[in-house]
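Undergrad: This is a predicted model, with the sequence first.
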Amino acid sequence: MTTNPRIDQAWWALRLTYGLVAFLAGLDKFFNLLANWESYMAPALGSLLPVSTTSLMRTVGVIEMLVGILILTNWTRVGAYVASVWLLLIALTLPLTGSHFDVAVRDVAMAVGAWTLARLTELRQPAGAVVAGVIRGSARAEA
């Protein structure tokens, strides 16, 4: 599908940003180079978990890496919607820590950006196009 080059530029900027940031933030859950990720867990919520905060953060990291991969591949729309909801949920839980209010506000803004990426993807690539492309690709592989 042909679109406006200005829309394409914005789409690529959002796609690369959200895909790479999600993947790298997820990867960092194993190394804590960017932040002490465990500090973002509200103690009240952490005490309810059947696993340690470290285990939870590593699970979150795997999910974030998968979302980043979705955004960077043919599943951009799905990955962007997941990222949008994920960021909103984080923003809603951060005030329970008693701090990180700035990060909560920033995550709301990032959620809107991820939603915008999903909507722009719908303009560039109708929902059925991804499925049709996957089916065509698998049909070629079988031939």
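TA: Cool, got the structure.
Undergrad: in what helix or strand does the closest residue to residue 81 other than its chain neighbours lie?
TA: What sits nearest to residue 81 in space, not counting adjacent residues and going by C-beta to C-beta, 6 or more residues apart in numbering, is residue 118, at 4.7 Å. Using the backbone N, CA and C atoms, a C-beta is placed for each residue, glycine as well. According to DSSP states H and E, residue 118 maps onto helix 101-124.
Undergrad: Which residues does that helix contact?
TA: When contacts are defined by C-beta atoms under 8 Å, 6 or more residues apart in numbering, helix 101-124 is touched by residues 1, 3, 7-8, 10-11, 14-15, 17-18, 40, 71, 76-77, 80-81, 83-85, 87-88, 90-92, 94-95.
Undergrad: List the buried residues of that helix.
TA: Neighbour counts over helix 101-124 (16 or more other C-beta atoms under 10 Å) mark 103-104, 107, 110-111, 113-118, 120-121, 124 as buried.
Undergrad: host element of residue 48?
TA: For residue 48, there is no helix or strand it lies in under DSSP H and E.
Undergrad: my bad, should have said residue 71
TA: Using DSSP H and E, residue 71 falls in helix 53-72.
Undergrad: Counting by contacts, list what that helix packs against.
TA: With contacts defined as 3 or more C-beta pairs under 8 Å, 6 or more residues apart in numbering; DSSP states H and E, helix 53-72 has these neighbours: helix 5-28, helix 76-93.
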